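Participant: Just to be clear, the model below is a prediction. Sequence and coordinates:
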2 protein chains.
Amino acid sequence: MNKAFTLLLGAAFLAMPAFAQQQAEPLDAAIVEKIRKEGLENSQVMELAFYLTDVNGPRLSGSTGLAKANQWTKDKLVSWGLTNAKIDPWGTFGKGWEVEKSYLALTKPYYQPMIASPKAWTPGTNGLVKGDVVLVKASTEEDLAQYAGKLKGKIVMMEVTNPIKTKFEADANRYTDEQLQKLAAPVQPSTRGPISEEQMAAYRARRALAQKMTEMFKNEGAAAVFSGRGGSHGTFFTSNGASYASDAQPVLPEFEVAMEDLARMSRLLKAGIPVQVEMESKTRFLTEDPQGYNVIAEIPGTDKKLKAEVVMLGGHIDSWHAATGATDNAAGVAVMMEAVRIIKALNLKPKRTIRIALWGGEEQGLFGSRGYVKKTFADPQDMKLLPEHGKVSAYYNLDNGTGKIRGIYTQGNEAVAPLFQEWLKPFHDLGATTVTTRNTGGTDHQSFDAVGIPGFQFIQDEIDYDTRTHHTNMDTYDRLQADDLKQAAVIVANFVYQSANRKDKLPRKELPKPRAARS
Amino acid sequence: MNKAFTLLLGAAFLAMPAFAQQQAEPLDAAIVEKIRKEGLENSQVMELAFYLTDVNGPRLSGSTGLAKANQWTKDKLVSWGLTNAKIDPWGTFGKGWEVEKSYLALTKPYYQPMIASPKAWTPGTNGLVKGDVVLVKASTEEDLAQYAGKLKGKIVMMEVTNPIKTKFEADANRYTDEQLQKLAAPVQPSTRGPISEEQMAAYRARRALAQKMTEMFKNEGAAAVFSGRGGSHGTFFTSNGASYASDAQPVLPEFEVAMEDLARMSRLLKAGIPVQVEMESKTRFLTEDPQGYNVIAEIPGTDKKLKAEVVMLGGHIDSWHAATGATDNAAGVAVMMEAVRIIKALNLKPKRTIRIALWGGEEQGLFGSRGYVKKTFADPQDMKLLPEHGKVSAYYNLDNGTGKIRGIYTQGNEAVAPLFQEWLKPFHDLGATTVTTRNTGGTDHQSFDAVGIPGFQFIQDEIDYDTRTHHTNMDTYDRLQADDLKQAAVIVANFVYQSANRKDKLPRKELPKPRAARS
């Protein structure tokens, strides 16, 4: 899941009236029961997750790990009898990148290894490097100028001003009934005003200063940069330290460092006590193939007329680099694969074609799903509809961690709400009860929604997504909740099957206007 | 705090009747208020803790870090005007040991750095070593025999059979009123039966097999051992992998590995997928001075008659090696130092002499306090009392982490209970209310109690001691709760001051029998 997008959408929840009453479509209870039994009793979801994470490793966009995972998932889908399987280019991505060595330790005032990772797309060090760390305190360009001539061969870091707070609340949580009820209720208009001119100016100034710093550190010949974005107890958050673009400007080696280690260096330097470190990192850029890929495969429809229509499901397969991307998003991939495995294993013969898509490049901007939608259905820029646009019923996405499904977001599509309520009914006992007309963002269903195709993300229990797993070095297989993933696969399988076999495609919202035409 | 001792004592709580009524000794409210004001408003406890942890580093028994910390604390105490300050040998310890390099990474099936530390007193690797990891599954000697001839140059590890469970409870907690009331109530006799012959036999068999394994791995020429004892999210627990004794048998290099990394290797190997690692560790044995030391200093008494008598306070200054021992036990050291600083700063002129002792070798068996007690007061073995035994009033200890004081354990000393209740009264508003006649163990007050000198440990809020800090790689300055430590220092200062100035020494329990005379 891509955080930047979540934040953008945070304020954009739609206020919706109560659901329109539609005629109920009773489910075939025997088939639902079969799906449930297969998914809960013969699940392969944890084995799929094991291969995606432990066996395959990190799956950063453009990396060998992602290429391996694409191949493995495609082969697995084919082994179950899916057809039209392909590793399908979605467009130009840029450079791949991967870590080949990462070592960082404090050497003065005493020796202690540190917990850290190179930031994605940063270069490695020149072998094993020893150096002094310099604390840069600058809130203006004048402050920064004081460091001129003092940074050659040094490792630079900012002061840590947000010490780690001990938490007396649990890292992991599930939705309470009350929270779910609140989620299902119409959204109150936000009382937060728009961002002020002053706030915007301050933000731009900070950005400009940060840019100046980056340039200065490089021009002054600093050896490396240390940074950190939170986390605690050995868990740290990771991101990129440079662009993946093929023509990206070179930057300094940069480590994202666990807050305990970073805060210690900050305290020592602030107290005037010299800090020396040794470090060695080796990173590799993969420039041979700038393309990005999705994995696509199908269970062909069996109804003469309806098999030309498609129901899609998916999740992104790329991850960040400092862990094996278990909850972001091997979990979603494993659940979606398991959902099609269930349908295939039960030989359910869907009327419409079911198509699974495992997206690449999600973490850099939903690239895989956007590229696919653009070439297959429509470009949100001009909204010229391709023929397939009329043939796709819905897209279901999973990318909110390892938590079980508690319901679904309709993204403001009122007409689907009664259907979804009906389809959740057999799973109320498993905790999936809630249909909300709210929007949720940050992941690949948005690419479909952007061109007027019904695209949905399920409501999932949070578990420890925000505290421990999402974009951290601790997003490992250990974090996966087996029972939650089994439950999710069963519910997705049912949604997909019902969508494939009902008389009509799913009702749609009004088509969005072309982006180019918006003011 | 030394866990083995806690466990031993767990079943040994004493059932006690309600406290005997003693005449109350009203406190001098003005002095209590001064202590409180100085400790809460002018505290230096966090600065002391910063120098003990961040500046000084790990303080494993016998290490350079401990020697530096001894010197620093002694100098600091002298700077406040304490007298008779010395770094005082308590007896023979053995070898010191410290880490000079620690690097471990997965290299197959893909590259990823791991979080790990050499186990204390194990040797380093022979430079950078690459090797295959072998999962040893053996519950009998026959199982073990199957690995003969297969381990040369390999890294050996046991299967991880206790996967990390996601916790839906907080890591950090404070005592509730209910829990404190329960703690103050007489203990119910344990319903747990004694350990059965069968259980003991099984335990002995496991120990014997573990010993055989250690020998076999060494004899077969394995390159290293990986092990782990729990923890999660990058937090792991550390211990020693060999004896500190000067004549200890050589062992293989051994890494304690974060559970996420260890469990991944275990899962991969169990699935038949080869695991290769690279590692480099360098450790140093310090054999020049086999002695262990305590730091001792005094505020001399001012009463002509009573100044020959002593009130003691202290905590152990040694720590484990994979972090800076913040809650175990820089916290206790900083609080005890701050308590004497408060008394000194206020120029309170105690009647009896106040003596602070910062113990070494606690983690290996309360060695520092035992050695001191033996040479100063009595040997519990023969209980021949030295002259000083009659002159010491009490010893107060702090070593249960960073949590504030919620009360005190009297260790079955009924007669002190009413005094302690009185002395806690001015601090009820700070959460310190509870006097329990129960025993608590695991730390240095036991050395005093063992020879019949009133020795006490305070009840402290747990915070995240058991989950995140105690003997972990995450026991860092970040874990310290400033307000808790300030509160603790104020309460300790008052207890020490009251003990120093009351008419009599503290009442004692009956003298224990010589250990040698017990059946």
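Facilitator: Noted; the coordinates are in hand.
Participant: ok, the closest residue in space to residue A:128 that isn't next to it in sequence - contacts?
Facilitator: In space, not counting the residues next to it along the chain, residue A:128 is nearest to residue A:280; the distance is 4.4 Å by CB to CB, 6 or more residues apart in numbering or on different chains. Just so you know, the C-beta spots here come from the backbone N, C-alpha and C atoms, and that holds for glycine as well. Under the criterion of CB atoms under 8 Å, 6 or more residues apart in numbering or on different chains, the contact list for residue A:280 reads A:101, A:102, A:103, A:124, A:125, A:127, A:128, A:129.
Participant: Isn't the third one up against residue B:114?
Facilitator: Spelled out, it's residue A:103. No: in this structure, residue A:103 sits apart from residue B:114 without contact. The criterion is CB atoms under 8 Å, and the distance is 10.9 Å.
Participant: shared neighbours of the two, which are they?
Facilitator: Listed as contacting both residue A:103 and residue B:114 by CB under 8 Å, 6+ apart are residue B:105.
Participant: ok, which residues in the stretch 251-400 of chain A are in contact with chain B?
Facilitator: Where proximity means CB under 8 Å from any CB of the partner chain, the interface of the stretch 251-400 of chain A facing chain B comprises A:258, A:259, A:260, A:263, A:264, A:267, A:268, A:271, A:273, A:323, A:324.
Participant: at 6 Å what do you get?
Facilitator: Near chain B, the residues belonging to the stretch 251-400 of chain A are A:260, A:264, A:267, A:268, A:273 when assessed by CB under 6 Å from any CB of the partner chain.
Participant: Next one: the second one, what pLDDT does it get?
Facilitator: So the one you mean is residue A:264. In this prediction, residue A:264 carries a pLDDT score of 98.
Participant: what's the helix or strand for it?
Facilitator: helix A:259-270 (DSSP states H and E).
Participant: Alpha carbons only: can I get the helix or strand following that helix in PDB?
Facilitator: For helix A:259-270, the following helix or strand on the C-terminal side (DSSP H and E) is strand A:276-286. Included here for strand A:276-286 are C-alpha records, laid out as PDB according to Å, rounded to 0.1, in the frame of the first residue of the first chain:
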ATOM      1  CA  GLN A 276      32.700   7.600  14.600                       C
ATOM      2  CA  VAL A 277      31.200   4.900  12.600                       C
ATOM      3  CA  GLU A 278      32.200   2.200  10.100                       C
ATOM      4  CA  MET A 279      30.000   1.200   7.300                       C
ATOM      5  CA  GLU A 280      30.000  -0.800   4.100                       C
ATOM      6  CA  SER A 281      27.200  -1.000   1.600                       C
ATOM      7  CA  LYS A 282      27.000  -2.300  -1.900                       C
ATOM      8  CA  THR A 283      24.000  -1.700  -4.000                       C
ATOM      9  CA  ARG A 284      23.400  -2.700  -7.600                       C
ATOM     10  CA  PHE A 285      21.400  -0.900 -10.300                       C
ATOM     11  CA  LEU A 286      19.600  -3.000 -12.800                       C
END
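Participant: List the buried residues in strand A:276-286.
Facilitator: Residues of strand A:276-286 classed as buried: A:277, A:278, A:279, A:280, A:281, A:282, A:283, A:284, A:285, A:286 (neighbour count, 16 or more other CB atoms under 10 Å in any protein chain shown).
Participant: Tell me how many other residues crowd the residue of the stretch 401-519 of chain A found nearest chain B.
Facilitator: In the stretch 401-519 of chain A, the residue that lies nearest chain B is residue A:478 (4.4 Å; CB to the nearest CB). Using other CB atoms under 10 Å in any protein chain shown, residue A:478 is surrounded by 23 other residues.
Participant: what residues are up against it?
Facilitator: By CB atoms under 6 Å, 6 or more residues apart in numbering or on different chains, residue A:478 lies in contact with B:164, B:260.
Participant: Is it in a helix, a strand, or coil?
Facilitator: Under DSSP: H, G, I helix; E, B strand; the rest coil, residue A:478 falls in the helix class.
Participant: and it, how far is that from residue B:227?
Facilitator: Here the criterion is CB to CB, to the nearest Å. By it, residue A:478 lies 17 Å from residue B:227.
Participant: How about residue A:511?
Facilitator: Relative to residue B:227, residue A:511 is positioned 61 Å away (criterion: CB to CB).
Participant: More neighbours: which of these two?
Facilitator: Neighbour comparison, residue A:511 and residue B:227: the larger count goes to residue B:227, with 16 against 13 (by other CB under 10 Å).
Participant: Tell me the pLDDT of that one.
Facilitator: As predicted, residue B:227 sits at a pLDDT of 97.
Participant: and if you look at residue A:195?
Facilitator: On the pLDDT scale, residue A:195 is placed at 84.
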